[in-house]
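Colleague: here are the coordinates; sequence isn't available:
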């Protein structure tokens, strides 16, 4: 199966949502020093958003982006989708689409281009 034609949009939208959620959570964590687990969540959101945004189209098309995405990242998206995060409907859609895409990508469900020699 080929990469979806809108894969880069899926990734970019997901990264933007993750970054925005990380900013919100960081503000909350700064006000609650007794909740260090919030900083772990900030790290997870910011880290995944950064790794997604740093990959070029060629890296996604050649399968190399999968080297930086793990099952733990899919788990972060599962946790977000599970609720309790007060996401907007648009954010929920972006996270769900990103989660589905990354799961397929990590499962090697797509055909990748050969790297240029």
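Modeller: Noted; the coordinates are in hand. Worth saying up front: this structure is predicted, and the values here are computed from it rather than measured.
Colleague: looking at the protein, which helix or strand is least sure?
Modeller: Of all helical and strand segments in the chain, the minimum by mean pLDDT, DSSP states H and E falls on helix 71-81, at a mean of 90.
Colleague: just checking, what packs against the next helix or strand after it?
Modeller: Toward the C-terminal end, the helix or strand that comes next after helix 71-81 (DSSP states H and E) is helix 89-106. Contacting helix 89-106 under the criterion 3 or more C-beta pairs under 8 Å, 6 or more residues apart in numbering; DSSP states H and E are the following elements: helix 7-31, helix 71-81. For every residue, glycine as well, the C-beta is placed using N, CA and C.
Colleague: any residues touching the shortest one, and which ones?
Modeller: Spelled out, it's helix 71-81. Outside helix 71-81, the residues that touch it by C-beta atoms under 8 Å, 6 or more residues apart in numbering are 21, 44-45, 48, 51, 87, 92, 95-96, 98-99, 102-103, 106.
Colleague: what comes up buried for that helix?
Modeller: Taking 16 or more other C-beta atoms under 10 Å as the neighbour-count basis, helix 71-81 is seen to contain the buried residues 73-74, 76-77, 80.
Colleague: mind pulling up the phi and psi values for the nearest residue to residue 111 once chain neighbours are set aside?
Modeller: Take residue 111 and drop its neighbours on the chain: the residue closest to it by C-beta to C-beta, 6 or more residues apart in numbering is residue 2, 5.7 Å away. In terms of degrees, to the nearest 10, the main-chain angles of residue 2 are phi -80, psi 160.
Colleague: Stretch 65-79: end-to-end distance?
Modeller: Start and end residues of stretch 65-79 are separated by 22 Å (C-alpha to C-alpha, to the nearest Å).
Colleague: picking that back up, pull the distance from the least confident helix or strand of the chain to the chain's centre.
Modeller: 8 Å (C-alpha atoms, centre = their mean, to the nearest Å).
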